[in-house]
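mind folding the following:
(one chain, ligands or ions: 2)
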Amino acid sequence: MAETRAASAERRTILSMKRIDKRFTGVHALRKVDFDLAEGEIHALVGENGAGKSTLMKVIVGINQKDAGEIHYLGHLFNPRDPKHALDMGIGIIHQELNMMDHLSVAENIFIGRESAMMGGLLLDKKAQTRRAGELLERLGMNIDPTERLGRLTVGKQQMVEIAKAVSHELRILILDEPTAALTDAEIEDLFLIMRDLASKGVGMIHISHRLDEIHQIADRVTVMRDGERVETKAISEVTKQQIINMMVGRVIYEQPKTHSGVRPDAPVVLKVTALNAGPLVRDVSFELHQGEILGVAGLMGSGRTETARAIFGADEIQGGTIEVRGRRVSIHSPEDAVDCGIVYLSEDRKRFGLAVNLNVKDNMAMASYEDFRRGPFVNAAKIRKVGDTYVDRLKIKTPSLEQLLRNLSGGNQQKVVIAKWLIRNCDILIFDEPTRGIDVGAKSEIYTLMNELTREGKSIIMISSELPEILRMSDRIIVMCEGRLTGEIPIEKASQEAIMEYGTMGRQTVLKRS
Ligand SMILES: Nc1ncnc2c1ncn2[C@@H]1O[C@H](COP(=O)(O)OP(=O)(O)OP(=O)(O)O)[C@@H](O)[C@H]1O
Ligand SMILES: [Mg+2]
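Residues are numbered from 1 along each chain as shown. Ligands and ions are numbered 1, 2, ... in the order given. The predicted structure follows:
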């Protein structure tokens, strides 16, 4: 430890940002922020949703133009014109939202925009491109076929391709804006290996993450932002996770497990799934959900939790079994059918399921309910505004107005807009898949409060989560899946991390790497 710190003291500063200021209409996003990065350093950047992390990074690569302040890069004043300019100067960024072409192959995505440079101006040679992409992926230890169409990969794998793409350039600085939000534990470990390797070659990295545990694993220093300001920069060895949380939110937050179910004993069953079969990861799954209940679904990655949700939601084909909603058997063949039954699935991949980033807040909210907002042939704009205002207020959505484009909201606030949209559509069975992934501690507790409010109002929630503290804190009852089967059901009164883990690994040969 002492050695690392001594080494970092000698490291050369390659990036130094001074008093960076940036305003958007209605938002003072950056207030005189100082930030610096050394050669070979991994510098974590944390803060609540909307704190200004992504905005600061976009200033470095010229997507956002700063209003005031200075950037020094490799000893010179640096004024990035656009991301291409930054990349040519050795600064790459991996964005929070995936930025790739679904219909192109993995190899094409990696080399997009660089065909001519690569081939010395000659015609693009697909074979060479595929070969080089294959070599790169292999060198990075990524088990991905370069000829596969990108859209066919999981979100986590797509993220890995984006990382490969960034790393394929000669970089001095790599910015990773929430790279781990969509990755599995194993993929995160692979990513950290890649990051450590880059660091040893002198590449400086800025790592934005809401997973505070991983920061202590990977970072040398941490900078905390709040409301557009830098609160503190510290060596990681000098702060605890709790101290970081306190700096982020400016108040103290305690997380406590639930001790007893809040569901009334006579609460009716709103959803009954019997012997559901859908592909290899949904085998004979049966369970019930009661009105006002939060049913936690635990299990390891790949245990079939998401697949079960997708089958119920009509996103994947069902091969057998029945679904009853409030005592009536229903046949669901598409997400539209599910929504008509009042069931909605909020996936971990917000962008793909239900967000129109180029529309404004109001239209995103009204999108699924235009029928209700219509008066004759006209859309009742006043009513949309009124409902919109109510939900901005109720869900505490941070936006200057209903007219703000969704892509200008921070990630956590985008998530809330999606939830509003489905509440407005009268969905009362909500399936949340990793609802707080990529969401900071402050917004997390807001989402928890929201979920509790929703169930108090009589909505019912299925919550898939890989975070056991979250499962224990929120659920009234817990079901556990393993390898496509339901292996256990635990009332909250008897639940513990150990009990969940036991069911979660039942019948498995492999031993858990991390808990
Ligand atoms: N292009 C833009 N136009 C208007 N407002 C913007 C724009 N980009 C960001 N903002 C606003 O600036 C503030 C900071 O946003 P930013 O995306 O930097 O937050 P963040 O810290 O990255 O949050 P998250 O953790 O949710 O990603 C937010 O209030 C956001 O709504
Ligand atoms: Mg961000």
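
use CA for all of it now, contacts and neighbours both
Noted.

so where's the stretch 351-500 of the chain shaky on pLDDT?
Residue ranges of the stretch 351-500 of the chain with pLDDT under 70: 351-354, 438.

count the residues that sit near the residue lying closest to residue 404 once chain neighbours are set aside.
The shortest distance from residue 404 to any non-neighbouring residue, by Cα to Cα, 6 or more residues apart in numbering, is to residue 360 (5.1 Å). Applying the criterion other Cα atoms under 10 Å, we find 18 residues in the vicinity of residue 360.

same deal with residue 150?
Neighbour count of residue 150, defined by other Cα under 10 Å: 23.

how near is it to residue 504?
As judged by Cα to Cα, to the nearest Å, residue 150 and residue 504 stand 31 Å apart.

what of residue 70?
Going from residue 70 to residue 504 by Cα to Cα gives 52 Å.

out of these two, which sits in the busier spot?
Neighbour tally, residue 70 and residue 504, criterion other Cα under 10 Å: the higher count belongs to residue 504, 23 against 17.

which residues touch that one?
Residues touching residue 504, when contacts are defined by Cα atoms under 8 Å, 6 or more residues apart in numbering, comprise 298, 299, 300, 480, 481, 482, 487.

give me the pLDDT for it.
Listed pLDDT for residue 504 reads 88.

near ligand 1, which residues of the stretch 51-200 of the chain show up?
Residues of the stretch 51-200 of the chain found near ligand 1, taking Cα under 6 Å from any ligand atom as the criterion, are 51, 52, 53, 54, 55.

burial of the second one, as a residue count?
Around residue 52 there are 25 other residues, counting by other Cα under 10 Å.

now do the strands in the stretch 101-250 of the chain.
In chain order, the stretch 101-250 of the chain shows strands spanning 173-177, 204-208, 221-226, 229-235, with DSSP state E, counting those that start in this stretch as the criterion.

dump these to a markdown table, plus mean pLDDT and mean neighbour count.
Compiled in a markdown table, these are given as follows (pLDDT from 0 to 100; neighbours: other Cα atoms under 10 Å):
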| stretch | mean pLDDT | mean neighbour count |
| --- | --- | --- |
| strand 173-177 | 95 | 24 |
| strand 204-208 | 97 | 25 |
| strand 221-226 | 96 | 23 |
| strand 229-235 | 96 | 17 |
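
what about the ones you listed, which gets the closest to residue 338?
Taking Cα to Cα as the measure, the strands of the stretch 101-250 of the chain were each checked against residue 338, and strand 173-177 came out nearest at 33.6 Å.

pull up the pairing partners for that closest one, direction included.
Sheet neighbours of strand 173-177, with direction, are listed as strand 91-94 (parallel), strand 204-208 (parallel) (DSSP bridges).

now the angle from the longest one to strand 221-226?
Same thing as strand 204-208. Between the axes of strand 204-208 and strand 221-226, defined by axes from the mean of the first three to the mean of the last three Cα atoms, to 10 degrees, the angle is 40 degrees.

touching ligand 1 at all, strand 204-208?
No: for a cut-off given as Cα under 6 Å from any ligand atom, strand 204-208 has no contacts with ligand 1; the smallest distance is 8.3 Å.

now that strand, how far from the centre of its chain.
Relative to its chain's centre, strand 204-208 lies at 17 Å (Cα atoms, centre = their mean, to the nearest Å).

repeat that for stretch 432-451.
11 Å.

now stretch 66-84
Counting by Cα atoms, centre = their mean, stretch 66-84 is centred 29 Å from the centre of its parent chain.

please save the CA atoms from that stretch in CSV.
What follows is the C-alpha trace of stretch 66-84 in CSV, where atoms were taken according to Å, rounded to 0.1, in the frame of the first residue of the first chain:
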residue,chain,number,x,y,z
LYS,A,66,-17.2,24.9,-21.1
ASP,A,67,-18.4,28.4,-20.3
ALA,A,68,-15.3,29.2,-18.2
GLY,A,69,-12.2,27.5,-16.8
GLU,A,70,-9.1,25.9,-18.3
ILE,A,71,-8.0,22.5,-19.3
HIS,A,72,-4.3,21.6,-19.3
TYR,A,73,-3.4,18.3,-21.1
LEU,A,74,0.1,17.0,-21.3
GLY,A,75,1.4,20.4,-20.2
HIS,A,76,-0.5,22.5,-22.8
LEU,A,77,-3.7,24.4,-22.8
PHE,A,78,-6.3,22.2,-24.4
ASN,A,79,-9.6,23.2,-26.0
PRO,A,80,-11.2,20.1,-27.5
ARG,A,81,-13.4,20.9,-30.5
ASP,A,82,-15.3,17.6,-30.6
PRO,A,83,-14.8,13.9,-29.6
LYS,A,84,-12.9,13.2,-32.8
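
that stretch: which residues count as buried?
Along stretch 66-84, the positions that meet the burial threshold by neighbour count (16 or more other Cα atoms under 10 Å) are 66, 70, 71, 72, 73, 78, 79, 80, 82, 83.

nearest to residue 228 among those?
The nearest one, if we look at these relative to residue 228 and count by Cα to Cα, is residue 66, at 13.1 Å.

that closest one - nearest residue in space that isn't next to it in sequence?
Leaving aside its sequence neighbours, residue 66 sits nearest to residue 22 (Cα to Cα, 6+ apart; 5.3 Å).

so what's that neighbour up against?
Contact analysis of residue 22 by Cα under 8 Å, 6+ apart lists 28, 29, 30, 31, 65, 66, 67, 68.

quick one on the thing from earlier: return the set of residues that bridge with the residue nearest to residue 404.
In this structure, residue 360 has beta-bridge partners residue 405, where bridges are defined by DSSP bridges.

to residue 156, which of the strands of the stretch 101-250 of the chain lies closest?
Comparing the strands of the stretch 101-250 of the chain against residue 156 with Cα to Cα, the closest turns out to be strand 173-177 (14.2 Å).

for that closest one, list the C-alpha coordinates in PDB.
Written as PDB, here are the backbone C-alpha positions of strand 173-177 (Å, rounded to 0.1, in the frame of the first residue of the first chain):
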ATOM      1  CA  ILE A 173      -6.700   8.900 -21.100                       C
ATOM      2  CA  LEU A 174      -9.700   6.700 -21.000                       C
ATOM      3  CA  ILE A 175     -13.000   7.900 -19.500                       C
ATOM      4  CA  LEU A 176     -15.400   5.200 -18.400                       C
ATOM      5  CA  ASP A 177     -18.900   6.600 -17.600                       C
END
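
ok, and what's touching stretch 246-265?
Residues from elsewhere that reach stretch 246-265 (Cα under 8 Å, 6+ apart): 46-48, 224-226, 231-232, 245, 290-293, 441-442, 469-470, 472-477, 491-493.

what residues sit buried inside it?
Applying a neighbour-count criterion of 16+ other Cα under 10 Å, one finds 247, 248, 249, 257, 258, 259, 261, 262, 263 buried in stretch 246-265.

distance of the fourth one from ligand 1?
Residue 257 sits 25 Å away from ligand 1, taking Cα to the nearest ligand atom, to the nearest Å as the criterion.

I am finished for the moment; much appreciated.
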